[in-house]
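Engineer: have a look at this prediction, sequence included:
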Amino acid sequence: MALLTAKTFSLQFNNKRRVNKPYYPRKALLCYQLTPQNGSTPTRGHLKNKKEDHAEIRFINKIKSMGLDETQCYQVTCYLTWSPCPSCAGELVDFIKAHRHLNLRIFASRLYYHWRPNYQEGLLLLCGSQVPVEVMGLPDSRGTCAGLLHRYIV
C-alpha cells in the first residue's frame, strides 16, 4: 500500500479551526496499525472514503479479509481525520463485539458534527463498548501523533 505524502498528512490531519488559503478539501482518511500481541511486526496502512463506503467500513472489510488468527490478540489503533459518523460508530461496535480478539483505540483529529445529538450518541456508544475515542490536540496533530504516524508518510 502506498504511503501518504507528508503534505497530505499535514493538510488532512491538521485540526486548525480555519484552513489558510489556498483552501483545500478536507478528506476523510483513516490510518491504522494492527499489532499482534505475540510481538510480530505490525501491519500498517491507510484508507479513505470511496463513493459508497466510509473509511471505517473499508477498514472493517480490510481487517476481515486478513484472516486473522482468532486465538491471537491484536491491538488496533486508528487515526482518523474526522470522528466516526453514527452509522460507522455502530458498525465499529458490532465488529469489535464480534471479534473479541481485537482491542481497538481511535484517535480523531476533528469531531464531525459534534453538536448533533445522534453523532454524540455514536461516540458514547463507542466509549461504552470499550472503544476509547480521543481527540488529538493541536500539539498532537503536529508533534506526538505526527511522530507516531511518520510510518504512514513518505
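Structural biologist: Thanks, I have the structure now.
Engineer: next SSE downstream of the host helix or strand of G122?
Structural biologist: Element membership of G122 [criterion: DSSP states H and E] is helix 117-128. As assigned by DSSP H and E, the chain's next helix or strand after helix 117-128 is strand 133-135.
Engineer: mind listing what that next one pairs with, with the direction of each?
Structural biologist: strand 102-110 (parallel) (DSSP bridges).
Engineer: what angle separates the partner strand from helix 117-128?
Structural biologist: Interaxial angle of strand 102-110 relative to helix 117-128 (axes from the mean of the first three to the mean of the last three Cα atoms, to 10 degrees): 140 degrees.
Engineer: buried residues in strand 102-110?
Structural biologist: Residues 102-104, 106-110 are the ones in strand 102-110 that count as buried (16 or more other Cβ atoms under 10 Å). C-betas here are computed from N, CA, C, even on glycine.
Engineer: also stretch 111-128?
Structural biologist: Neighbour-count burial for stretch 111-128, counted by 16+ other Cβ under 10 Å, picks out 112, 119, 122-123, 125-126.
Engineer: can you check stretch 74-83 too?
Structural biologist: Quick answer for stretch 74-83 (16+ other Cβ under 10 Å): 74, 76-83.
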